[in-house]
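J.: Fold the following, please.
(one chain, ligands or ions: 2)
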Amino acid sequence: MERPYLHIKDLKINFHTFEGVKTVLNVDEIKIKKGEAFGIIGESGTGKTVLALSIMKLLEMPPGEIESGEILLDGDDLLKKSIKEMEREIRGKKVSMIFQDPMSTLNPVYTIGQQLINVIRESKKCDKNTAYTEAVDMLNTVKLPDAERAMDKYPHELSGGQRQRVIIALALSCGAEFLIADEPTRNLDVTIQAGILKLIKELQTNLKVTVLFIANNPGLISATCNDAAVLYKGEIVEMGTTKEVLRNPQHPYTFTLLNAVPKDKDTRIDLSQVIPPDDTNIIRGSCVYYNRCTNKIAKCEKNQKLIRLEGTHYVKCGICNGGGMNE
Ligand SMILES: Nc1ncnc2c1ncn2[C@@H]1O[C@H](COP(=O)(O)OP(=O)(O)O)[C@@H](O)[C@H]1O
Ligand SMILES: [Mg+2]
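T.: Numbers count the residues shown, from 1 in each chain. Ligands and ions are numbered 1, 2, ... in the order given. Model prediction:
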């Protein structure tokens, strides 16, 4: 098999808090092929952002701590790189990240044009006129209406959806070949959201950008990604092609997530309203979903392994894995 573009292995991340050490991420394996879009789904607080930040080496340490693991990008372990090397070779060069709040990424005191031109001049070492033309081209690539006029605008003069398009333009104009999109449409209206999803899909198909797309709504993943993993309390509980995971879900948590998707396109749903928190009476070493699971059986009191069901479909569940056969 061809080497994955991104290969995460046995990644364990802890946070040191007043209550003690808390493991927030314990991922067995994620493989993303070059040019592919991979989706991560899970409710709030499940470790999605921690995962994204750890790839960029932007995790605040301490309180964060990487206990073990490897994050191989094109075969190169990012965890072994210094911050300087990350800045010189990776961040905003090979890999760019789009956050859920575009205002936190754009600088309010510079126009869109100034910000794009700076990034382009820095990465391509070109003159201002060339950078200007490229910036306008890039705004057209991300389908920002009236690109030339937008160059003179400040971030607050654009709508949320337009700002997110500018962020994507910024991410791509430095030549990044890998885009990490952390809930990029969370604060947007449904129709605007659809436009951004379409754009990300087009960038992946036309420009062959590799994408890690993070969402709390499986519907967004099915629209954009080839493969997907469901994250619960920092662990992958189900993984496979998007079709395997979302059309033929096996883990009870994936079912819950799918049932939480509103039938009516225009309503938004807050997963915390659907799935209650469950931090009480946790059995140490049990399956991560033990407390919430309504189907649990005796073997679920033990931690479960991610096991291949068929094809590329993996699941971490005592019931799915043969109801007692797979100790
Ligand atoms: N700086 C931090 N200190 C302590 N705990 C943190 C910190 N950042 C994140 N966490 C914890 O890590 C877990 C995962 O957080 P996060 O990755 O932001 O979740 P998600 O992006 O899935 O909503 C949460 O339980 C959160 O409380
Ligand atoms: Mg997050």
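
J.: middle-most residue in the protein, spatially?
T.: Computing the C-alpha centroid of the chain and ranking residues by C-alpha atoms, centre = their mean puts Ile214 first, at 2.9 Å.

J.: which element is that residue on?
T.: strand 210-215 (DSSP states H and E).

J.: Can you tell me what sits against that strand?
T.: 5-6, 32-41, 48-49, 51-52, 55, 177-185, 200, 203-204, 220-221, 224-225 (C-beta atoms under 8 Å, 6 or more residues apart in numbering). Just so you know, the C-beta spots here come from the backbone N, C-alpha and C atoms, and that holds for glycine as well.

J.: Taking those residues, please make a PyMOL selection of just the buried ones.
T.: Those of these that count as buried under 16 or more other C-beta atoms under 10 Å are selected in PyMOL with:
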select buried, resi 5+6+32+33+35+36+37+38+39+40+41+48+49+51+52+55+177+178+179+180+181+182+183+184+185+200+203+204+220+221+224+225
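
J.: The contacts of strand 210-215 also near ligand 2: which ones?
T.: Lys48, Thr49 (C-beta under 5 Å from the ion).

J.: Out of the contacts of strand 210-215, list just those in helices.
T.: Lys48, Thr49, Leu51, Ala52, Ile55, Ile200, Leu203, Gln204, Leu220, Ile221, Thr224 (DSSP state H).

J.: Next one: the closest residue to ligand 2 within the chain from ligand 1, what distance?
T.: Closest residue of the chain to ligand 2, C-beta to the ion: Thr49 (3.2 Å). Distance of Thr49 to ligand 1, computed by C-beta to the nearest ligand atom, to the nearest Å: 3 Å.

J.: Up against ligand 1, what does the chain have?
T.: 15, 17, 24, 42, 44-50, 60, 63 (C-beta under 6 Å from any ligand atom).

J.: Would you format the residues you listed as CSV with pLDDT included?
T.: Shown next, in CSV, are those (pLDDT from 0 to 100):
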residue, pLDDT
Phe15, 93
Thr17, 88
Val24, 94
Gly42, 93
Ser44, 90
Gly45, 91
Thr46, 93
Gly47, 94
Lys48, 95
Thr49, 94
Val50, 95
Glu60, 87
Pro63, 91
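
J.: Can you select the buried ones from these in PyMOL?
T.: Command for PyMOL, covering only those of the residues of the chain next to ligand 1 found buried under the criterion 16+ other C-beta under 10 Å:
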select buried, resi 15+24+42+46+47+48+49+50
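
J.: Quickly list what the residue lying closest to the residue of the chain closest to ligand 2 once chain neighbours are set aside is bridged to.
T.: The shortest distance from Thr49 to any residue other than its chain neighbours is 5.7 Å, reached at Asp182 (C-beta to C-beta, 6 or more residues apart in numbering). Note on Asp182: beta-bridge partners by DSSP bridges are Ile214.

J.: Beyond the strand or helix carrying Val237, next helix or strand please.
T.: Element membership for Val237 (DSSP H and E) is strand 235-241. Sequence-wise, the next helix or strand beyond strand 235-241 is helix 242-247, with elements assigned using DSSP H and E.

J.: List the contacts of that next one.
T.: Counting by C-beta under 8 Å, 6+ apart, 39, 218, 221-222, 225-230, 238-239, 254, 258, 311-313 sit against helix 242-247.

J.: tell me the average confidence for that helix?
T.: The pLDDT scores in helix 242-247 average 94.

J.: And for stretch 161-175?
T.: Stretch 161-175 comes out at a mean pLDDT of 89.

J.: Okay, buried residues for it please.
T.: 161-174.

J.: Quick one: low-confidence residue ranges for this protein.
T.: For the chain, residues meeting the criterion pLDDT under 70 lie at 1, 102, 261-283, 322-327.

J.: about what we covered before: of the residues of the chain next to ligand 1, which is the nearest to Ile307?
T.: Closest approach between these and Ile307, by C-beta to C-beta: Gly42, at 19.5 Å.
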